[in-house]
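1. how does the following fold in three dimensions:
(one chain, ligands or ions: 1)
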Amino acid sequence: MIYRKLGQSELQVSAITFGAWAIGGFMWGGSDEKDAIQAIQKGFDMGVTTIDTAPIYGMGLSEELVGKAIQGQREKFQIMTKFGIKWQEAGNQQQFSSQKDYEQLMEQIYLSAKKEVIMRECEDSLRRLNTDYIDYYQHHRPAEDAPISEVMEALEKLQDQGKIRAAGVSNYSLEQMTEANRHLQVQANQLPYSMVKRDIENKIIPWVLQNKRSVIAYSPLQRGVLTGKYTPGHQLKEGDHRKSSRFFQTENIRKINAFLAKLEPIATRHQASLAQLVLNWTLHQPGITVVLAGARNPLQVEENARAADIQLSEQEVGTINTHLEKLELDLS
Ligand SMILES: NC(=O)c1ccc[n+]([C@@H]2O[C@H](COP(=O)([O-])OP(=O)(O)OC[C@H]3O[C@@H](n4cnc5c(N)ncnc54)[C@H](OP(=O)(O)O)[C@@H]3O)[C@@H](O)[C@H]2O)c1
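-> Next up is the predicted model:
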């Protein structure tokens, strides 16, 4: 595993970090508790010491599972969680595997970033995670009910209280990130980034490099489609948000798989899977400090963790980029 410094903080994080969204089940057609806990523990054995979760992932369930998995070893992990996406309290953690529940729960979600809400959310996360500090606390998504200055004030207070070790943001535009940093040193912006989603390279990455901050890349496998395991016509489970994703539409799956097939010789040379090749490429893009690889079970996390060990030559990276330049998806 590779370990990297997050922004200008003192936090060292595993470059492949465990993404704990899918284990929450909500929006992923449900999840399995035993698999989820074993996945986190397997990841740890493989050097994945950092976990990214959020209250909204399974309406508290993901954080609770993370809390169970790290029990007795808290100080060996770096826990990243978030605040700012709320739900009305009727959410039932058991009911994530039907389309109807998914749609009803989606209607209950709202954004809020008022200072008192953030302070309360932090206490709730600490309780669910069964810990007295959070290593890295992130504003999940910009909200309209409070200015960025208020969000940063809350984060500074939590830092002063020792409840969080470092602060960050997610889904912030360049302007919002700049504004946040006028009030508090924000270490990273957590953003969507994968081989097929690279828009942050235009403005955000140059700013991050210049200001010695980090990008935490989310959905690096583009929610699973970049593993090559999905074939046109594949039926996703009820309650799985990927049913409506443009990346999972037949023509795009076909094009992505044709692109991945061209990478097979490189993968074979390194005895690697396509998922590992994709994660490794992502990990070595400028400005990317952490790649958040989501996983549901020990096998997936083991495969993803090993991605950090591959050493691609310049020529191989060049070949991948040449094929990538020719890949045109229909995302309209
Ligand atoms: N800040 C934000 O707004 C935000 C938004 C999205 C995600 N995130 C974070 O980023 C993390 C990762 O993103 P993500 O979960 O959206 O997408 P991802 O990492 O691109 O894909 C994860 C999914 O791909 C499949 N998969 C993973 N490893 C695999 C392997 N080795 N072989 C085969 N299939 C594999 C699994 O689903 P299946 O087995 O069902 O295919 C898994 O749930 C999340 O867990 C979360 O922590 C943050």
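
2. what about Met59, distance to the ligand?
-> Counting by C-beta to the nearest ligand atom, to the nearest Å, the gap between Met59 and the ligand amounts to 15 Å. Quick note: C-beta positions are derived from backbone N, CA and C, even for glycine.

3. now that residue: phi and psi?
-> For Met59, the backbone dihedrals are phi 50, psi 60 (criterion: degrees, to the nearest 10).

4. could you tell me what pLDDT the model assigned to it?
-> Listed pLDDT for Met59 reads 90.

5. that one touches Ile85, doesn't it?
-> No - counting by C-beta atoms under 8 Å, Ile85 is not a contact partner of Met59; they are 10.3 Å apart.

6. so between these two, which is more surrounded?
-> Met59 (23 against 20; other C-beta atoms under 10 Å).

7. quick check: buried residues in the helix or strand of the chain with the lowest mean pLDDT?
-> When each helix and strand of the chain is scored by mean pLDDT, DSSP states H and E, helix 99-107 comes last, with a mean of 75. Residues of helix 99-107 classed as buried by neighbour count (16 or more other C-beta atoms under 10 Å): 101-102, 105.

8. any idea of the mean pLDDT for the helix or strand containing Phe44?
-> Assigned by DSSP states H and E, Phe44 belongs to helix 33-45. If you average the pLDDT over helix 33-45, you get 94.

9. for that helix, buried residues please.
-> Buried, per 16+ other C-beta under 10 Å, within helix 33-45: 35-44.

10. can you lay out the residues you listed as TSV showing distance to the ligand?
-> Converted to TSV, those look like this (distance: C-beta to the nearest ligand atom, whole Å):
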residue	distance to the ligand
Asp35	10
Ala36	11
Ile37	15
Gln38	15
Ala39	10
Ile40	12
Gln41	16
Lys42	12
Gly43	11
Phe44	16
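
11. wait, doesn't Phe247 sit right on Gly224?
-> No - Phe247 lies out of contact with Gly224 (C-beta under 8 Å); the separation is 9.3 Å.

12. quick one, which of the two is more surrounded?
-> Gly224 (23 against 20).

13. where does pLDDT dip in the chain?
-> 90-95, 97-100 (pLDDT under 70).

14. hey, which helix is longest across it?
-> Secondary structure assigned by DSSP state H gives helix 250-269 as the longest helix of the chain.

15. report the buried residues of that one.
-> Those would be 252-253, 255-257, 259-260, 263, 266-267, for helix 250-269 by 16+ other C-beta under 10 Å.

16. show me what it is packed against.
-> With contacts defined as 3 or more C-beta pairs under 8 Å, 6 or more residues apart in numbering; DSSP states H and E, the packing partners of helix 250-269 are helix 274-283, helix 314-325.

17. got the angle between it and helix 274-283?
-> Between helix 250-269 and helix 274-283, the angle comes out at 90 degrees (axes from the mean of the first three to the mean of the last three C-alpha atoms, to 10 degrees).
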